[in-house]
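A.B. asks: Build me a model:
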Amino acid sequence: MKGTLILLAGLLFCTTLLQAQRIDPANPDLSPGNFRLDSLPDSELNIPIQVDLRPVYAMAEKSVDTLFTSAGYPDGWVQEGCDTRYKYVFRRSKLSMQANGLSLNLGFTGYYKIVGSSRVCASGVALSPWTPPCRCGFDEPERRVNVSFSNTLSLMTNYKVKLEIRRNEPQPLDKCEVCFWGQNVTGQVMKGLVAELDASKAELDKNYGSTELKPQMQKIWDQLNRSYNLYGLGWLKINPTAVHLNRLFAQNDSLNINLGLSARPVISFEKPAEILTQVPHISKSVARPGFSIFLDALLNYDSLSRIMNAQVAGKQFEFKKAFVKKQFIIDSCKIYGGGFDKMIIRLYFSGTNHGLIYLVGTPSYDTARRMIEITNLDFDIKTKNFLLGSAGWLFDKKIAREIGKYARFELGNYIDNAKVTVNTQLNQEWMPGIRSFGNINDIRLIRMYPMQQHLIIRSNCEGDLSVKVDAGKLSL
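C.D. replies: Next up, the predicted model:
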């Protein structure tokens, strides 16, 4: 009898030791990542840029003289032959501008008056004195002439705006006949006017024939390459890759440039390095209106672990195995990526036994609830083998089911805050004279990549973006 009691006590002691032993299975095997950051599809933004041409018109208004006179006026005379001499004064109306397509037409109405006299000549020798001066447009309405310049715009791949200026022939609306025989001197006036207009064209060519926009584009490109703090959401890096010219046209008082931008934006919780590059030359493409951005958000596993720990730490579960109560207490947990679409939860516990176990599941996104879940949670194969050999009572689906209830992460506020923050970034003044206007219409989660260092959430957002340029404030 005594020996039987000793044997039972020994068995009980051994059983207690076995129950209390530390559970410490080997780490799960980590699969190589099936994702590369450079696999992010190019995001395409079609950006309508509207340049207000009124400041340009104002500069042109200052560049074209408002008053023309013949050489030496009012005392000197223009004398192209022996028998005629004249002098005139010419003023113009305010410049009028018409923009259509790639053409910018600049015109005005000219008003002039002329004084002339004549004499009889033979073989270039004067045979009579000059007649009394005859006037045209002094004691009667001034004579009129329409004057215009035709301008053609083009944007080169190196961001130079070329303005090809052509002076059109003046179109007289009224004749100018002087002296009692009614000699028509309109042609002489037009000839003198053409010389003045050619001088004005040369000045326009010098000042506006070629405008270099690359310095301004480089500034914008540098801004796009910077990292932007999204205040609680991480850091946004746009990573531009190319610039496209989709369309160029003028209408009313605006020059419209539809530029396309290719980029690979990424959001990360740590500020990424800023690498500034040279803005690439413009390439041609055709893009749909608005933008479609593929965005990778890099979520830190420590953040996810903190969220889950706040919900599960201290929770207790009881099991009844062979009429014996078993206790399972969650102490803490840590989440990390296992590669190939798997996430791992390392769970530290105490109670009847103590130690750690590993659960493996698949991340998924609940669109209706805007929530990330780790689904299909189950014990890792190494944990299974360890438990079956030492603490089979822990091999219970209830543990995985209960942990699964808390392996959920709400993204609704994150998405809503992201919309507000990104919309703020889209609506700002990039530099004096350049302001952008935009709005995100939708953000959709496409796929998740549980990398070992962080969880990458790939999303697609669509919206509209436009840029307005105030040429009066822009430093060219």
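
A.B. asks: low-scoring pLDDT stretches of the stretch 1-150 of the chain, where are they?
C.D. replies: Along the stretch 1-150 of the chain, segments meeting pLDDT under 70 span 1-21, 32-38.

A.B. asks: Okay, helices next: where are they in it?
C.D. replies: Per DSSP state H, counting those that start in this stretch, the stretch 1-150 of the chain carries helices over the ranges 2-20, 54-63.

A.B. asks: Same question for the stretch 201-350 of the chain.
C.D. replies: Ranges of helices in the stretch 201-350 of the chain, per DSSP H, counting those that start in this stretch, are 214-224, 301-312.

A.B. asks: Just give me the lowest mean pLDDT stretch among the ones you listed.
C.D. replies: Across these, helix 214-224 has the smallest mean pLDDT, namely a mean of 86.

A.B. asks: could I get it in CSV with only the CA atoms?
C.D. replies: The C-alpha coordinates for helix 214-224 follow below in CSV (Å, rounded to 0.1, in the frame of the first residue of the first chain):
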residue,chain,number,x,y,z
LYS,A,214,12.8,74.6,-67.0
PRO,A,215,13.9,76.4,-63.9
GLN,A,216,10.3,76.6,-62.7
MET,A,217,9.7,72.9,-63.7
GLN,A,218,12.9,71.9,-61.8
LYS,A,219,11.6,73.6,-58.7
ILE,A,220,8.2,71.8,-59.0
TRP,A,221,10.1,68.5,-59.7
ASP,A,222,12.2,69.0,-56.6
GLN,A,223,9.0,69.6,-54.5
LEU,A,224,7.6,66.3,-55.9
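
A.B. asks: Bridge partners for residue 263, pull those for me.
C.D. replies: Note on residue 263: beta-bridge partners residue 43, residue 240, judged by DSSP bridges.

A.B. asks: next one: stretch 442-460 to chain centre, how far?
C.D. replies: 22 Å (C-alpha atoms, centre = their mean, to the nearest Å).

A.B. asks: Ok, stretch 387-397 next?
C.D. replies: Counting by C-alpha atoms, centre = their mean, stretch 387-397 comes out at 56 Å from the chain centroid.

A.B. asks: ok, now stretch 68-84?
C.D. replies: 59 Å.

A.B. asks: Over to stretch 424-433?
C.D. replies: For stretch 424-433, the distance to the chain centre is 11 Å (C-alpha atoms, centre = their mean).

A.B. asks: Which parts of the chain belong to which domain?
C.D. replies: For the chain, the structural domains run 23-41+213-476, 53-212, going by automatic domain parsing.

A.B. asks: now those in a markdown table, with distance to residue 47?
C.D. replies: For glycine as for every other residue, the C-beta is placed from the backbone atoms N, C-alpha and C. Formatted as a markdown table, the domains of the chain follow (distance: least, C-beta to C-beta, whole Å):
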| stretch | distance to residue 47 |
| --- | --- |
| domain 23-41+213-476 | 5 |
| domain 53-212 | 14 |
